[in-house]
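**Student:** give me the fold of what follows.
(2 chains)
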There are 2 protein chains.
Amino acid sequence: MNSNINQLINLNSRLLLASQSPRRRFLLSLLGLNFDTTSVDIDEEHFLSVNPNDIVCELAERKAIEASKVNKDYIIITADTLVFLDNHMLTKPINQNDAYTILKRLSGRTHQVYTGIAIFNPISNSKIIDYEKTDVTFRHLEDEEIWAYIITGSPMDKAGAYGIQDDFGAVFVERIEGDYYNVVGLPLCKLYQMLKSII
Amino acid sequence: MNSNINQLINLNSRLLLASQSPRRRFLLSLLGLNFDTTSVDIDEEHFLSVNPNDIVCELAERKAIEASKVNKDYIIITADTLVFLDNHMLTKPINQNDAYTILKRLSGRTHQVYTGIAIFNPISNSKIIDYEKTDVTFRHLEDEEIWAYIITGSPMDKAGAYGIQDDFGAVFVERIEGDYYNVVGLPLCKLYQMLKSII
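**Tutor:** Numbers count the residues shown, from 1 in each chain, chains lettered A, B, ... in the order given. Just a heads-up that it's a prediction; the model follows:
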């Protein structure tokens, strides 16, 4: 596959998406870019940063550092997405009751989705790190709607216990302010601009 | 297919999406609803309304009136999406140069996408008509990016000469304010709420 976006970015070496997220892999493939994938393991529980935008950038950079140790011939892309409500981080639910508690808290309110992106280019020995933020507003949810979503199983592997691309995610989210693809897990407009600037 | 959303809405008769848009058919299928499709033909060039929200509601209602003449046993859904910049309607491009002119005008600016939805329920002899509006902001586009998109052919059948779900659409749109699915052609959150209220 050699898309027009490939030609615009004019890649001089192969891309490596260091992420095990199937949603990120799908989104990057939407751009028609040629890329390989790998997974990278870091301690995501601990970080030095305090602000949400700094935390996602720190985690994305540490993933890129880790991935670059064993993948010398690639331009490496990493990302980290976190969900915040009232500046408090929402993790993946630990069980169905926890998923209910999280979705109940999101009901009728606006929360924030942050994604940090790190791109390391070993050819030019350069790196670029940036983030995207999207405000997401849920309409008021009925309990039966929340439980109908939970029993699909989909909330269980997702920070904030929802996916905006899910059937229920689509009817829970009333509006967003920012990049939709950021909420799915990879802000494509920001990523494209970063790739153009580093290559 | 019998999704959890089907059970929540508790449909008492079959749904008919009266739209030839493959994107609308895809979006409605995302909700896992059982539905049939048909096309409906009205004069979309002329309308009595003046304001964008009134125009899309008028066109959606006229489509529903037309479709209900020959489909008596269905709950009928119709929609009409229009794109406005500075309160001026943007149509589908008539050729590649026109597509360039439209995309150049959208570059670096915020425009509005309106979708009107009409739902007619012949069982209860009721109807509901509403609309959704989303602000869409393009980043500044380079001429080579605009032309690279145009030669894919995708802008030619789209009002405003872009699809937010396209590869280039994804990297042109910096941010939105409102429902993403409205920009694709069918605001799912609004539609779901309308279906729940009418059935």
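
**Student:** what strand or helix carries A:T115?
**Tutor:** strand A:110-121 (DSSP states H and E).

**Student:** gap between the next helix or strand along the chain from that strand and the chain center?
**Tutor:** Reading on from strand A:110-121 to the C-terminus, the next helix or strand found by DSSP H and E is strand A:126-138. Taking C-alpha atoms, centre = their mean, to the nearest Å, the mean C-alpha location of strand A:126-138 is offset from the chain mean by 8 Å.

**Student:** ok, stretch A:40-50 next?
**Tutor:** For stretch A:40-50, the distance to the chain centre is 15 Å (C-alpha atoms, centre = their mean).

**Student:** what comes up buried for that stretch?
**Tutor:** For stretch A:40-50, a neighbour-count test (16 or more other C-beta atoms under 10 Å in any protein chain shown) marks A:40, A:42, A:47 as buried. Any C-beta I mention is one placed from the backbone N, CA and C, and that applies to glycine too.

**Student:** hmm, the first one is touching A:E66, no?
**Tutor:** Yes - using C-beta atoms under 8 Å, A:V40 is in contact with A:E66, at 5.0 Å.

**Student:** shared neighbours of those two, anything?
**Tutor:** Shared contacts of A:V40 and A:E66, defined by C-beta atoms under 8 Å, 6 or more residues apart in numbering or on different chains, comprise A:A18.

**Student:** before we move on, the earlier item: can you add distance to chain B and give the buried residues of stretch A:40-50 back as a markdown table?
**Tutor:** Formatted as a markdown table, the buried residues of stretch A:40-50 follow (distance: C-beta to the nearest C-beta, whole Å):
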| residue | distance to chain B |
| --- | --- |
| A:V40 | 24 |
| A:I42 | 28 |
| A:F47 | 27 |
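
**Student:** where exactly do the helices run in chain A?
**Tutor:** Taking DSSP state H, the helices of chain A run over residues A:4-9, A:22-30, A:52-70, A:96-106, A:143-150, A:167-172, A:180-184, A:188-198.

**Student:** so which of those helices is the most packed in?
**Tutor:** Comparing those by mean neighbour count (mean count of other C-beta atoms under 10 Å in any protein chain shown), helix A:180-184 ranks first with a mean of 26.

**Student:** I'd like to know which elements that helix is packed against.
**Tutor:** Applying 3 or more C-beta pairs under 8 Å, 6 or more residues apart in numbering or on different chains; DSSP states H and E, we find helix A:180-184 packed against helix A:22-30, strand A:110-121, strand A:126-138, helix A:188-198.

**Student:** does chain B sit close to the second one?
**Tutor:** Translated: strand A:110-121. No - if you take C-beta under 8 Å from any C-beta of the partner chain as the test, strand A:110-121 misses chain B, and the best it gets is 12.0 Å.

**Student:** dump that strand to CSV, restricted to CA.
**Tutor:** This file holds the C-alpha atoms of strand A:110-121, laid out as CSV (Å, rounded to 0.1, in the frame of the first residue of the first chain):
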residue,chain,number,x,y,z
THR,A,110,-17.5,16.5,30.6
HIS,A,111,-14.2,14.7,31.0
GLN,A,112,-10.8,14.9,29.3
VAL,A,113,-8.9,12.5,27.1
TYR,A,114,-5.2,13.1,26.7
THR,A,115,-2.8,11.3,24.3
GLY,A,116,0.9,11.8,24.3
ILE,A,117,2.9,11.0,21.2
ALA,A,118,6.6,10.4,20.9
ILE,A,119,8.4,10.0,17.6
PHE,A,120,12.1,9.1,17.6
ASN,A,121,14.1,9.3,14.3
